[in-house]
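In: quick one: sequence plus predicted model below, questions after.
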Amino acid sequence: MGAPWRDETAEEAAKEQELVDAIYERFVARVAQGRRLPEARVRELATGEVWLGDRAAELGLVDEVGDLERAVEIAAGMAKVAPRWAAVRLPRPILGRLVDRFAVSASRALADELEMRAGDRFRLG
């Protein structure tokens, strides 16, 4: 299932559709519960469209439109603590950095090899 080098079988397509349908049903149920909306209304809205902030608020999909500071204020209020926040950039794990470097090196080496072979093949002489 999902092999890019061949067409999927009818059985694989049916399994994939079953998975997509199950995810969609779970999404609809959770949105309906979380937003206190009827499932029928959620299905009307859950078409794959992107709703910008103001329109999403009009539709009842969000409580309000704000930024990170506002979200921290709301969360702090709910927790009954003073709002406090700081931007944090998490360091990338060493393994991720090494894999990235290896991938770049490998792709450059492959490109160089392909270029060299193509040059040898099409060289006149």
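Out: Received the coordinates, thanks.

In: isn't residue 59 right up against residue 45?
Out: Yes - applying Cβ atoms under 8 Å as the test, residue 59 and residue 45 come out as touching, 6.1 Å apart. (C-beta placed from N, C-alpha, C; glycine too.)

In: anything in contact with each of those two?
Out: residue 51 (Cβ atoms under 8 Å, 6 or more residues apart in numbering).

In: any idea how far the nearest residue to residue 62 once chain neighbours are set aside lies from residue 46?
Out: Distances taken as Cβ to Cβ, 6 or more residues apart in numbering place residue 56 nearest to residue 62, at 4.7 Å, with adjacent residues excluded. Remark: distance between residue 56 and residue 46 (Cβ to Cβ, to the nearest Å) = 13 Å.

In: what segments of the chain are helices?
Out: Along the chain, counting by DSSP state H, helices occupy 10-35, 39-45, 53-58, 68-79, 94-122.

In: neighbours of the residue lying closest to residue 8 once chain neighbours are set aside, how many?
Out: Excluding the flanking residues, the one nearest residue 8 by Cβ to Cβ, 6+ apart is residue 1, at 6.6 Å. The number of residues packed near residue 1 is 10, by other Cβ atoms under 10 Å.

In: who are the contact partners of residue 1?
Out: Residues near residue 1 by Cβ under 8 Å, 6+ apart: 8, 12, 15-16.

In: pull out the buried residues from these.
Out: Neighbour counting over those (16 or more other Cβ atoms under 10 Å) leaves no buried ones.

In: tell me the contacts of residue 39?
Out: 28-29, 32.

In: now do the same contact list for the nearest residue to residue 46 once chain neighbours are set aside.
Out: Spatially, and ignoring its direct neighbours in sequence, residue 46 is nearest to residue 28 (5.8 Å; Cβ to Cβ, 6+ apart). By Cβ under 8 Å, 6+ apart, the contact list for residue 28 reads 39, 42-43, 46.

In: thank you, goodbye.
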